[in-house]
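[1] below are the sequence and a predicted model; questions follow.
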Amino acid sequence: SRLRHIDLCGGARENGSDMLDTTEIGIFTALGVAFAAGLLFLALWGKQNPLRVSAYALIAVAFLYVGFAFRSLDPNSWVAVEMTGVAIFGSLAYMSIIFSPWFLVVGLALHPLWAVVFHYNGSGAVFTPGPFALANAGFDVALALYAVYAILQRRKSKAPAGAIAQDNSKTRRGKAQ
């Protein structure tokens with residue numbers, strides 16, 4: 001059996017030249033799903049709105065790619081590209097809080113494409129760790145599926161399917177109702 005080094009830093013990969021095998025892809029994607037499950041568990045255990053926590057997580061993960069961009073040969077250009085991603089996914093997260101949680105589903109469904117197509121297979125692979133991009137894709141998909149489930153459950157129970165902000169209005173004022 002041959003032991004293979006997994007480059008957790010991503011620096012040696014150039015446009016996907018050192019791709020992970022199927023088992024590694026499955027492991028890192030499953031790890032992302034496990035992190036999403038942990039985040040949702042902590043949100044529910046802490047009596048926080050899991051959709052709002054998921055919106056914040058989408059913004060945080062988008063910012064992590066900005067950090068990776070600083071490792072590139074041309075950090076100014078790459079940071080600008082990654083900040084565009086932050087603006088796009090941050091806007092979708094914000095709109096999910098203000099208008100409709102379906103914007104969160106859109107953001108969480110599109111972000112894995114950004115992670116895999118651009119950061120794992122594309123030009124962002126030169127500075128993004130491959131395992132991170134895959135774990136991020138699993139994380140986003142799991143949160144998107146939970147968000148769809150939660151929104152549909154809310155509709156079923158006749159609760160308003162509107163903005164996420166409605167659920168946390170009592171915490172903004174600092175008192176329970």
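    Looks like it came in fine. Numbering: from 1, shown residues only.

[2] the residue nearest to G90 when sequence neighbours are not counted: neighbouring residues, count only.
    Of all residues not flanking G90 in the chain, I59 sits nearest, at 4.9 Å (C-beta to C-beta, 6 or more residues apart in numbering). No exception for glycine: its C-beta is placed from N, CA and C like everyone else's. Residues lying near I59 (other C-beta atoms under 10 Å) number 16.

[3] now the strand or helix carrying I59: buried residues?
    Counting by DSSP states H and E, the element that carries I59 is helix 50-69. For helix 50-69, the neighbour count (16 or more other C-beta atoms under 10 Å) marks 50-55, 57-59, 61-62, 65-66, 68-69 as buried.

[4] before we move on, back to that, wait, the residue nearest to G90 sits on S91?
    No - with contact defined as C-beta atoms under 8 Å, I59 does not count as touching S91 (9.7 Å).

[5] what ranges do the helices span in this protein?
    Using DSSP state H, the helices of the chain run over 22-45, 50-69, 75-98, 102-113, 130-156, 169-172.

[6] identify whichever of these lies nearest to N121.
    helix 130-156 (8.8 Å; C-beta to C-beta).

[7] centre of the chain versus the closest one, how much separation?
    Using C-alpha atoms, centre = their mean, to the nearest Å, the mean C-alpha position of helix 130-156 is found 8 Å from that of the whole chain.

[8] which strands or helices does that helix pack on?
    Applying 3 or more C-beta pairs under 8 Å, 6 or more residues apart in numbering; DSSP states H and E, we find helix 130-156 packed against helix 22-45, helix 50-69, helix 102-113.

[9] let me see the mean pLDDT of that helix.
    For helix 130-156, mean pLDDT is 95.

[10] show me what counts as buried in it.
    Under 16+ other C-beta under 10 Å, the buried positions of helix 130-156 are 130-144, 146-148, 150-151, 154.

[11] now Y146: how far from A36?
    Remark: distance between Y146 and A36 (C-beta to C-beta, to the nearest Å) = 7 Å.
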